[in-house]
Structure formats: C-alpha cells, structure tokens
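Below are the sequence and a predicted model for it; my questions follow.
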Amino acid sequence: MDELIYKLKQQIIEALNLEDMKPEDIDDNASLFGEGLGLDSIDALELIVMMEKNYGIKLQDPAQGKEIFKSVAVMADFIAKNRTK
Amino acid sequence: MTSPILITGRGVVSAIGRNKAETLDALLNNRSGVGPLVYLKTEHKEFPVGEVKMSNEEMRKHLNINDKDITTRTALMGMMALDEALKDARLTTDMLPEVGFISGTTVGGMDMSEQYYLDYISNDNHKEYIKVHDCGSCSEMTAEHFGKFAFMTTLSTACSSAANAIILGANMLRRGEAEIVVVGGSECITKFHLNGFNSLMILDTKPCRPFDATRAGLNLGEGAAYLVLETEESAKRRGVKAQAILSGYGNACDAFHQTASSPDGEGAYRAMKEALELADIQPSEIGYINAHGTGTPNNDLSESHAVMRLFGDNVPPMSSTKPFTGHTTSASGSIEAVFCILALQHGFLPANLNWSQPMDDGIVPVHQSVKKELKHVLCNAFGFGGNDSSLLISRAKVPATVEGPTQHNGTSTSSATVYILSAKQISVQQPLCEDWMMQPIEYQAYFNRSIDPSFKEYISPIEARRMGKILKRALATSKEALKASGLNSVDAIITGTGYGCIENTEIFLDALSKEGEQMLSPTYFMQSTHNTISSLVAIQLKNHGYNVTYAHKGISFDSALQDAWLQMQLGKIHSALVGGHDEMTETFYNILKKGGVMGQDKEMCGEAAVSVVLGTEKHDSLCKLVNFKMLHKPSAETLKVIAKDFQADYILTGISGNHKSDEAYLTECKELFGSSILLKYKHLFGESFTSSGIGLYVAAQCLKAGNIPAHLFVNKDEIKGKKPSKILIFNHTDGNNYSLTLLEA
C-alpha cells in the first residue's frame, strides 16, 4: 500500500501540475480539496482522467469523486480495490 | 429624442428546422430535434445531439456553393440563416455596403482543423483550410457569400457569443454608427467541443431535462440565427415592418469560476436586471423567460436562484428550449431570440420538454406548449467564465423606448472625452517597461516568443499551474495597467484575441488527433475558449461589469477598443480595461505560415499582450483618444473622406517586413495623409493578431514622453526633434479591415 500511495502522489503532482510539490509534502490523510491542498472541481475531473489512464477505473458520475478524493489514503484504498490495470 | 431598436428580419437554422416556418411548427408541436449522432464522425455515439439535419454537401447545394470553394460547417449554417434573415428584412446585395455584420462563434473552423491537423503538422495536404481555422474567417465567409458589408467583427464569449453580438449591434445603432446591422451567431458540433464537454463530464447520455430533479447534463446542439436590427427611421423609409422590438439588454460577469456558475447567480441576476432597467420595464411586465437552462445541475440551480432573486414570488412562466435543439452554444443567444420573437408573434409559451419532477430550490418550468398573449419576454444566454447576457424583446405593437439619444450621422463625433490612463505590455521587448524606447532588442529570427517577467507577484502558484502563458501575461499586464491608471476598478473588461489560447488549444487538438477521443484533459479544453482570458481577469479582479471578447483576426483588439469607445460615447460606461492578447507556439506559427496567414516574406512575428485602461476622467493620463473608426473593405473614396477626420503629424503604420503589404501600406498612407511623418513598430515588436494594441501602447507612450525614438521612423531623413501632438495608428489588416485610432497629447 505504501508503494501505491507514493506512486499515487507522484501521479497527482503530475496530473495537476503541482510544480513546487514533492510526494513528501502531501499528507496521506489530509484532505485534497477545500482546506487541504485547495484543489477544485476541475482538479477532480483531472484526477478522474488520471485514474482511468493509470488504473483503468472509469467513474461515470463526477459526484462519486467527492468520497474517493477525500485523501490520498482513501484514494489509494479505492484504487487497490477497483483497479483493472 | 429616444428611438426603439426594431427587429426587421430573422433567419434560423437548428435541429428543429432549416427556417422559421419549420422551427415554429416544431415548437408548437413539441417536436424535438435531439437524437442519435448522424453527421459528426466521432466514437462518442452514446451522446444524443441536436444536429442540423443536413450534410455539408447538402448545405453547399442549397446555397449554390461551388465544390472547390473553401467553407466550414459553421459558415455554411451561418449562410443559411443569414440568407433567410436578409430576405426577411428585404435587404439586397446592393444595400449591404451600408449594413453592419456582427457574428458570434467559438469553434470557428475547428471542424476542419480537427480533421486535417495531422496533415497541417506534417505535409501540405488540405493546407488551404488553415486560413479558415479562426473565428473571424468564419464571419467573413458567411458574410461574403452575400456581398460586402459596411463593417464586420466577431464576438467570442462561448455560449453567450450571439447574444453579445446582438448587444453590440444595438449599441452601434444607438450611437448612429449604422442604421441597419445584422447580428447573431453560428456554431457547428465538432469532435473538439463534444470531447471537451465530455471531459468536463457535463454531457447527458439521455435527452436533457433542464430544471428537472433528475437532470444530468446537456446535449450538444448546433445551428445559426441572425436578426436584422434597424432604426425606426430606416424601417419607415424602406417600408419594412418591425417583427419585434429589442427593448433592453444586459451583460454582466459572474466573475466566479471558469466553467461553473455561482450559487446565487450573480452574473445572471445583474444581466437580467440591467436589461429591465434599460427598457424601463418592471419585472411584473415580463410574460415569459427563455432560460439558458442547459440541463447541467449547476446552471439550472444558479439560474433559478438568479430569477427568484429578481422576481421574488412572481417568477414569470419560464422554459428552456434546449431539449428541442440541444445546446447550440455560441449560436444559442440568437437562435433562442428567434424563438422568443416567434412566441411573441404567435402568442405561445414554448415547452420545457422532458420535464417531470421539480428540482429542489429551483423554478418549475412550463412543460407543455401553452397559448398565451405576450408583450415582453426575457432571453438568457450565459457563457463559460460567467459571460452572462440577457435580452428583453417586446411585441412590435407595444411602443417601447430605449434610453439615450440616437444619432443618425454615420460619423462618430465624440461627445465624451476619453483618456488613455495607462498601457502595459509583455512582448518580445523587455516586459512591463519602456526600455524599447532607449534600448530596443533587435532580433534576427523571423519568429520570436515574448520575454516573460516573473509572474509570482501577480498569480499564486496554485492558480498559475493551470494557466497558459497568454493568461499569465493578461493578468500581469491587466494588474499593472490598473495600478498605473489610478482607478480602483473599471466598469468594463473588454478583450481582443485573434487566435485565443493557442498553446492549450494545440495540446487538446494534438491529443485528440493522436491519442483519440478518450481521457482528454478538461483543463486544456477549458482554456481553449477565447473568452477564458477576459473572464479570468474579471475573476481575479472580482469585477462584475460588462465583459466580452472579440476574435476577429487583425482587428480583434480594435474591436475591443471600439466597444469601449462606443459605450463611453453612449455614457453607458466611464472606464474600461481593454486588452489585446495573442500567443503563438512554434507549431502553430509553422501551420499559419504554411497557410499564408502570417510569416510571409520577411515578416517579423511575435506575441503580444497589451492592457490599456481608458477613462472619461483625466487623472494622470498618457494621452487622449480623440477619434476612432473601423472599416471593412472601404472604397478608395470612403477611405479618403474618413481620413480627413484623422489627420495627424505622425502616422504609426503596421509595416511588418512583408514587402508586398508594406508597399501597399506606404502608398496608401502617402495618398491619405500627405505630408505626415510615417512611423513603424512591428520591426521591434513583431506581427501578431493583436499587435495593433501594441501600436496603441507605443503611440501613447511616445505622446506621454513628448518624444519619438529615432528607431521608429520609416524614413531616417525625417527624424526631427519635433514634439508629437497627434499620432494616428493606422491599421490595415487581412480581409481588408481597417482601423484608425487618433491619439492626442
């Protein structure tokens, strides 16, 4: 799981163009949206594309993202259970 | 004297009909045109769409267009609608040189660019289509099918483009710039748009259900519509009747988010309120609202809130006609204005099809077509970036007045003094300063990209990470210009851009062409629309004022300046931030060079970001803007007459290193302005679509400094220490479009 979390952080940084950040800067359990990293609805859509590209997971409803993108840890858990590649 | 704006003609093409008669029949009989994809070649067959039920070939045949002539689907639909509108208003080819044409579009010729992009970047096949990629070409093709119009420009504010074209046309009539203008918009469905909206996850796989509890997105549509706006005197003289009256209109910016509407619908609320105020009509007099109502959860909630704020407990009957046509994006403002005119003329409320369950905290739409006498209706059109507009259309019999004097002498004699308060640039010269006056950078290469300053001061890293260069430059120059102007805020933000956010458009187009129609990035799509620039500036400055974007080749900046000038003369605004922004990538430069659009001969090409603050109060200004005029293919005689009002001691020409056009420029200037001394600036700043904005900046800075640097003189033997008092910026650009901007110290 730790390996997936680290990899995921790298992928988030790349997908969202968070130029000045390193995986170490993102707390596993901190919220990605709102108070935490301060991401918005377009970032959520980019994360959906990123999950499809890297893990073969296709979300139909952007509202699902709200739960899944709570934190990197929650996201990693969801990916581990649902990945097709 | 007050005078109403008459609508004396209209033409419409959409999924529910190829003309007014078919359209009316479909509206009265609740017949939707939304269905499975037929004409667009895409793998996304899962999305229902509102296609115009004709292939390009059928449209060509219908319009008698030669097989070899270059067209695009957007232009073809535009021609069909324009044909009907001109006939309806009894306007013939010989009358068009007195008539203006203002069109709205966002995709322009993208239907061809997305088919041929891989050729454009690797070989010469289909290179004849390169020159019709942009929005302005689309308007020109549409108009030129019928003849030569007096002036022309193109609005590009995403889904409110056509509504804003109508607003500009109305302001031009009120200012006496013309007696007749044809206004509206056209937009076809493209893979680019379909995939873009899909990347934002706002397309419904079922027929759209605006204002319904189960609504899950929009269906994309296409079409075109044009209205003929005319002064009362002209209509009387020609013996044509008004079919309806444009009594009011409003434009405001939501200034909230690039793709989402604010929860309280601030922009929509302000636009509707302004339309009512201009028409001097009470909310209780509105008999119907044609909602923007796209069917996305966000739009319909936000629009409901805006309407409920304005109308309280007495919300008029309201419906979205998008279940009939799909969302016709840039054209929706004029298509739905035609629906409103039909509703006024035939006394009915169009149905909000597919509605069954009320949404939480929203309006309940009219869900069946109902007979009802109507006097006044509102027509809403909102665009990405919160470019919100509302039109108030009244039945022809109702005497309606529009505030403010209407002048009827084709010349724009100024009634407000306009000052250039500040001007800032980022270009191939040192950014955000005037170092080029003393120490210009000279380039050997024919294409150079701008020198960027550090953007940290202007944009936080979290905001900057998604912005292309054009957006960062627009924000930096806007913020610096505003700071230098001495104003805290402006009444309007008006932007011109010939090709818009080319960098991100290219990334999206490249991915679409090479990787296919899956997993595309919403960020790049969102930033491919031209109005991203102007709306982003509004979001950052928290400015809810008038906000539009012009995209018409080399007169994009000039069109923006004209709008600000016009509204200051009308007393509608007292200050404006006018921007001219174009970026250019290596790839697109090479494409455009291949297509003959730029970079011909020894032309110097660059990028331009310029922001200018104009105001009607002096402050510590750079200079005065004393006269302004735009012309489209004027006769030599007309040009001579106009030039008399624009005599100056110095003429700043746009010679750019392209020998053929430079020679024509110089000959023309000598004929028109005799002994005036000729200056140049593009050898330092390069050619770009909005370089006329740089021209304005250069001239204003010279007037402020009271000195013209030696390296700006065309003829070195004319260099004198003479302090400039008047400089004319003379812009003669492709498509034979002209702008004349006269500045005075």
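It's in.

domains for chain B, by residue range?
Domain segmentation of chain B under automatic domain parsing yields B:5-395, B:418-744.

Mean confidence (pLDDT) on stretch B:474-487, please.
Throughout stretch B:474-487, pLDDT has a mean value of 98.

most neighbours per residue, which of the domains of chain B?
domain B:5-395 (a mean of 23; mean count of other CB atoms under 10 Å in any protein chain shown). Glycine gets a C-beta too; all of them are placed from N, C-alpha and C.

Could you list the low-pLDDT ranges of the chain?
Just so you know, I chose chain A. Regions of chain A meeting the criterion pLDDT under 70 are absent.

wait, chain B
Scanning chain B for pLDDT under 70 picks out the ranges B:1-2, B:398-414.

Around chain A, which positions in it sit nearby?
Within chain B, the positions near chain A by CB under 8 Å from any CB of the partner chain are B:199-201, B:257-260, B:461-462, B:465-466, B:518-523, B:526.

of the domains of chain B, which approaches A:Leu18 most closely?
A:Leu18 lies closest to domain B:418-744 among the domains of chain B, at 6.3 Å (CB to CB).

for that closest one, how far is the first residue from the last?
Start-to-end span of domain B:418-744 (CA to CA, to the nearest Å) is 11 Å.

Please compute how far it lies from its chain's middle.
Relative to its chain's centre, domain B:418-744 lies at 16 Å (CA atoms, centre = their mean, to the nearest Å).

Could you report the distance from the closest residue to B:His346 other than its chain neighbours to chain A?
Excluding the flanking residues, the one nearest B:His346 by CB to CB, 6 or more residues apart in numbering or on different chains is B:Leu24, at 6.7 Å. To chain A, B:Leu24 is 38 Å away according to CB to the nearest CB, to the nearest Å.

Surely B:Leu24 and B:Leu344 touch.
No. Here B:Leu24 lies out of contact with B:Leu344, judged by CB atoms under 8 Å, at a distance of 12.0 Å.

Helices of the stretch 401-550 of chain B, start to end?
For the stretch 401-550 of chain B, helices defined by DSSP state H, counting those that start in this stretch occupy the ranges B:435-438, B:461-464, B:469-485, B:502-515, B:522-526, B:532-541.

element containing the residue in chain A sticking out farthest from the centre, please.
The centre of chain A is farthest from one residue, A:Asp20, which by CA atoms, centre = their mean lies 17.2 Å away. When elements are defined using DSSP states H and E, A:Asp20 is found to belong to no helix and no strand.

Kindly report the same for B:Ala343.
Using DSSP H and E, B:Ala343 falls in helix B:332-346.

Kindly report the same for B:Met152.
Using DSSP H and E, B:Met152 falls in strand B:151-155.

on that earlier part again, mind listing what the residue nearest to B:His346 touches?
Counting by CB atoms under 8 Å, 6 or more residues apart in numbering or on different chains, B:Leu24 touches B:17, B:342, B:346.

residues contacting the residue of the stretch 251-400 of chain B found nearest chain A?
Nearest to chain A in the stretch 251-400 of chain B, going by CB to the nearest CB, is B:Ala260, at a distance of 6.3 Å. Shown here is B:Ala260, whose contacts under the criterion CB under 8 Å, 6+ apart are A:41, B:298.
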